[in-house]
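*Asks:* A structural model of the following input is requested.
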Amino acid sequence: MSPTCDNSYSAIVFCCLVGFNLIGMILSSSVDSRDLDYQQRPVLLPLYISPTNSTHRRVFDRDHRLRHLQNLVKPHSSNARMRLHDDLLTNGYYTTRLWIGTPPQEFALIVDTGSTVTYVPCSNCVECGNHQDPRFQPELSSTYQPVKCNVDCNCDENGVQCTYERRYAEMSTSSGVLAEDVMSFGKESELVPQRAVFGCETMETGDLYTQRADGIMGLGRGTLSVMDQLVGKGVVSNSFSLCYGGMDVGGGAMVLGAISSPPGMVFSHSDPSRSPYYNIELKEIHVAGKPLKLNPRTFDGKYGAILDSGTTYAYFPEKAYYAFKDAIMKKISFLKQINGPDPNFKDICFSGAGRDVTELPKVFPEVDMVFADGQKISLSPENYLFRHTKVSGAYCLGIFKNGNDQTTLLGGIIVRNTLVTYNRENSTIGFWKTNCSELWKNLHYLSPAPPPAPLPSHVLNTSKEVPPPGSPSVPFLSGEFQVGVITFNMMLHVNKSSVKLNITELAEFIANELEVSVSQVHVLNFTSGETDFFIRWAIFPADSAGYISNSTAMDIISRLKEHDLQLPEKFGSYQLVELNVEPPLKKTWMEQHFWSIMTIGLAVTLVVGLAAGSTWLIWRYRRRDMSSYEPVGVVGPEQELQPI
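*Replies:* I've put the predicted structure just below:
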């Protein structure tokens, strides 16, 4: 049956509502884009300065400088900031802080691109030296799990647990069992704690026994490497960077994950198939602009030219060493040659250059490393000299002969005040001269590269990932900075494993404490254990605002920093371990003109609806007028009988 006049008005209203809802659904999909899961950013890890130890001033021990693996061992199967500590002259290495276990146990580990295993002394080690921190105690970690014996690893004598063993060129050794536990990368790191396999050391010899650092953080290529494990989990991109401080300052920064290359960064190809070490295509070395007279393949022997952050100085093949030494001495013949600080070694040292490191380029020549494609990186004197410890204003060559080995080994001295990016994805290594001690303050110049694809959101890690203690750092908000979102990590600990956490109720309490709307509080990530819950929260602007005002943001940050949230006892105790402030997301054209489009869409829908309704009514009226009147009784077409 055809609709009546009354039904036509309902149809018009219905059409308008349908059109309005469709437009709203299409446009609101872009407005709600802020609720998409946040992807992991690069991990920025700092290197630190530790107190000196008289028993660890063996920087002049030539074997101690040469910390690279003597034999390749088949690996077992199986973004955020951290500072770098220490310096090359006093300690011979750089360290970073790493926390292992639940609750976290802190360790100072040598950053070593020439090692593939991260290991720390275990509490049951009977042949481990006295190091900077207490030994790792597995029995105190609720998340510790031994790696059980399998076909892809070497097993202990009882055939129960996987083991590892590493031997270094200076004959130091480290061995122990493999275990898995939660690793935390520091309160300044955006990378949330991750489960990873590491070595629990039961024996160490040589310099490993006497060094101040607790152990090694392996960044080399291999399945047990920290980088390989993090990349395998999809939490960082397949790239990392190191930046060592200068001659007198030390410290620096380490970045796990990809960063955008700074302007002027010079790259060299790195062949991963050649060895697990990070090599570069070094073709020539120039001193004061003149190339050394060497065979072009001099630096291509054995593994090629290797970058090893765990080695202090540089080691050249014999011919290259003598050519380099002679070229340098020819340019500084006016300086007096003196004995080195250690009588056990015939170091080549010079006096009379002055104590001011910034003036050294006026005395010592510039050195260039030229790569296969013709690009070059210039080295300042601090990249091939070390300061004499007994004579003021005297310096010694930090380049040595690598015995009969044809490998070119480039240690930390070569990359002082140089950002080195190990782009494992593209098989390149980049170099960029900068002040590494100040880089920590200027990391905003290194914008993050596109992050890797996130892990499936439905996969929850049930491990208890506990970050290291301490209040989260609070960013400074200037009047020109707009806050788009505030994120923070919360660790909850309840006394009973049977307690079920009500996230919705907890979000309501947090919103009430921070004096924001419940709709502004979002859960980005959630992991749980028996009695511990790790939650990543985000505070978004109100629905009607594009950003959080600075006064409101500072109030929220202040309350979070001071742990000033008063939560009911049923939620247990809590700790905030990370706090980040992000600018507003850049709106799309559709988001910027949302209300205008909605208004126009509504008006168009109403006009079209009214026009359609009017047209139908006119058509209906005219059709009725055109119908002829037929009197009663006129014979018409035969009709089907209908029931009365």
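*Asks:* use CA for all of it now, contacts and neighbours both
*Replies:* Will do.
*Asks:* helix or strand right after the lowest-mean-pLDDT helix or strand in the chain?
*Replies:* The helix or strand of the chain with the poorest confidence is helix 62-65; it has a mean of 37 (mean pLDDT, DSSP states H and E). Reading on from helix 62-65 to the C-terminus, the next helix or strand found by DSSP states H and E is strand 82-85.
*Asks:* if I look at Glu284, how far off is Lys331?
*Replies:* 19 Å (C-alpha to C-alpha, to the nearest Å).
*Asks:* same question for Thr407.
*Replies:* Distance from Thr407 to Lys331, by C-alpha to C-alpha: 27 Å.
*Asks:* please apply the same query to Ile110.
*Replies:* 36 Å.
*Asks:* which one of these two is surrounded by more residues?
*Replies:* Taking other C-alpha atoms under 10 Å, Ile110 and Lys331 do not tie; Ile110 has more neighbours (26 against 14).
*Asks:* show me what counts as buried in the longest helix along the chain.
*Replies:* Using DSSP state H to define each element, the chain has its longest helix at helix 594-626. By 16 or more other C-alpha atoms under 10 Å, the buried positions in helix 594-626 come out as 594, 597, 601-602, 605-606, 609-610, 613, 617.
*Asks:* need those in a markdown table (columns: distance to Cys149 and pLDDT).
*Replies:* Shown next, in a markdown table, are the buried residues of helix 594-626 (distance: C-alpha to C-alpha, whole Å; pLDDT from 0 to 100):
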| residue | distance to Cys149 | pLDDT |
| --- | --- | --- |
| Phe594 | 60 | 65 |
| Ile597 | 64 | 77 |
| Gly601 | 66 | 78 |
| Leu602 | 68 | 81 |
| Thr605 | 70 | 81 |
| Leu606 | 73 | 83 |
| Gly609 | 74 | 78 |
| Leu610 | 77 | 83 |
| Gly613 | 78 | 77 |
| Leu617 | 84 | 77 |
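*Asks:* for Lys570, which non-adjacent residue is closest in space?
*Replies:* What sits nearest to Lys570 in space, not counting adjacent residues and going by C-alpha to C-alpha, 6 or more residues apart in numbering, is Val494, at 7.7 Å.
*Asks:* who's in contact with the one you found?
*Replies:* Residues in contact with Val494 (C-alpha atoms under 8 Å, 6 or more residues apart in numbering) are 531-532, 570-573.
*Asks:* and the furthest pair within those residues?
*Replies:* The span of the contacts of Val494, defined through C-alpha to C-alpha, is set by Asp532 and Lys570 at 13.0 Å.
*Asks:* pick out whichever of the two has more residues nearby.
*Replies:* A count of neighbours by other C-alpha under 10 Å puts Asp532 above the other of Asp532 and Lys570, at 23 against 11.
*Asks:* list the contacts of the nearest residue to that one once chain neighbours are set aside.
*Replies:* Leaving aside its chain neighbours, Asp532 sits nearest to His493 (4.6 Å; criterion: C-alpha to C-alpha, 6+ apart). Contact partners of His493, counting by C-alpha under 8 Å, 6+ apart, are 531-533, 571-574.
*Asks:* mind redoing it with 10 Å?
*Replies:* Contact analysis of His493 by C-alpha atoms under 10 Å, 6 or more residues apart in numbering lists 529-534, 571-575.
*Asks:* which among those residues gets closest to Asp555?
*Replies:* Gln575 (18.2 Å).
*Asks:* shouldn't that closest one be within a strand?
*Replies:* Yes - counting by DSSP: H, G, I helix; E, B strand; the rest coil, Gln575 is part of a strand.
*Asks:* what separation is there between the residue nearest to Lys570 and Glu530?
*Replies:* From Val494 over to Glu530 (counting by C-alpha to C-alpha), the distance is 9 Å.
*Asks:* can you count the residues close to Thr362?
*Replies:* Just to correct that, residue 362 is Lys rather than Thr. Neighbour number of Lys362 under other C-alpha under 10 Å is 10.
*Asks:* which pair of the contacts of His493 spans the longest distance?
*Replies:* Top of the distance list for the contacts of His493 (C-alpha to C-alpha): Glu530 and Gln575, 17.0 Å.
*Asks:* out of the two, which sits in the busier spot?
*Replies:* Between Glu530 and Gln575, counted using other C-alpha under 10 Å, Gln575 has the larger neighbour count: 19 against 16.
*Asks:* about what we covered before: who touches both of Asp532 and Lys570?
*Replies:* 494-495.
*Asks:* do you know how far Met247 is from Glu505?
*Replies:* 55 Å.
*Asks:* report the residue ranges of every domain in the chain.
*Replies:* What the TED database lists as the domains of the chain is 77-236, 260-433, 485-582.
*Asks:* joint contacts of Val494 and Glu530?
*Replies:* Lys500.
*Asks:* who's Glu180 bridged to?
*Replies:* Assessed by DSSP bridges, Glu180 has beta-bridge partners Gln145, Val197.
*Asks:* surely it and Gln229 touch.
*Replies:* No - contact between Glu180 and Gln229 fails when scored by C-alpha atoms under 10 Å: they sit 11.5 Å apart.
*Asks:* coming back round to it: make a markdown table out of the buried residues of helix 594-626 and add distance to Gly374.
*Replies:* Shown next, in a markdown table, are the buried residues of helix 594-626 (distance: C-alpha to C-alpha, whole Å):
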| residue | distance to Gly374 |
| --- | --- |
| Phe594 | 53 |
| Ile597 | 56 |
| Gly601 | 60 |
| Leu602 | 63 |
| Thr605 | 65 |
| Leu606 | 69 |
| Gly609 | 71 |
| Leu610 | 73 |
| Gly613 | 76 |
| Leu617 | 82 |
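*Asks:* relative to Leu385, how far out is the closest residue to Phe324 other than its chain neighbours?
*Replies:* Of all residues not flanking Phe324 in the chain, Leu292 sits nearest, at 7.0 Å (C-alpha to C-alpha, 6+ apart). Leu292 sits 18 Å away from Leu385 when distances are taken as C-alpha to C-alpha.
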